[in-house]
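*Asks:* Here is a sequence with its predicted model. Questions after.
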Amino acid sequence: MMTYNDLVNEFRADPREVSTAPINGSAPKWFSVYEQQNEVYVASGRDHRDACSVHPDRRLKPSEFPVMLELYHRRKKGEPVSQEAGRKSINQSYWFGIFKELSV
């Protein structure tokens, strides 16, 4: 099972742009993901036309990781989780995009 430390290590080794993972037919938006001081951060996308604007950069809290991963798995099974996810983290779109990128 993936851990927050796995995310840290992944984006320390390979910081990159990742897209959101919309399920409503919207076009994905791109954002940058990187590691800083053993935490994962997201920032505005730079390399794609359809980029998210994130100001200031946002830290993805380690405490949110387990619940957001569980919600992502429920979402993949077809459960409607967006309202619940929105109550758990303002960064739900970034979490879900990262999980999709890493095929978790």
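*Replies:* Great, that's in hand.
*Asks:* hey, let's count contacts and neighbours off CA atoms from now on
*Replies:* OK.
*Asks:* those helices in this protein, which residues are they?
*Replies:* 4-13, 65-76, 82-88, 92-101 (DSSP state H).
*Asks:* Just name whatever secondary elements the shortest one is in contact with.
*Replies:* For helix 82-88, the elements it packs on are helix 65-76, judged by 3 or more CA pairs under 8 Å, 6 or more residues apart in numbering; DSSP states H and E.
*Asks:* buried sites along the helix it packs on?
*Replies:* Buried positions in helix 65-76, judged by neighbour count with 16 or more other CA atoms under 10 Å: 65, 68-69, 71-73, 75.
*Asks:* Output the contacting helices and strands for it.
*Replies:* Counting by 3+ CA pairs under 8 Å, 6+ apart, the packing neighbours recorded for helix 65-76 are helix 82-88, helix 92-101.
*Asks:* Give me the residues contacting it.
*Replies:* Residues outside helix 65-76 that contact it (CA atoms under 8 Å, 6 or more residues apart in numbering): 3-4, 81, 85, 88-89, 92, 95-96, 99.
*Asks:* Please report how far residue 60 lies from residue 27.
*Replies:* From residue 60 over to residue 27 the distance is 23 Å, taken as CA to CA, to the nearest Å.
*Asks:* One more: residue 102?
*Replies:* Separation of residue 102 from residue 27 (CA to CA): 19 Å.
*Asks:* likewise residue 74?
*Replies:* 22 Å.
*Asks:* again with residue 39
*Replies:* For residue 39 relative to residue 27 (CA to CA), the value is 28 Å.
*Asks:* which one of these two has more residues nearby?
*Replies:* residue 39 (18 against 12; other CA atoms under 10 Å).
*Asks:* ok, the more buried one - contacts?
*Replies:* Going by CA under 8 Å, 6+ apart, residue 39 touches 8, 59-62.
*Asks:* same thing with residue 4?
*Replies:* 62, 65.
*Asks:* go on, the one 10 residues further on?
*Replies:* Residue 14 is in contact with residue 34, counting by CA under 8 Å, 6+ apart.
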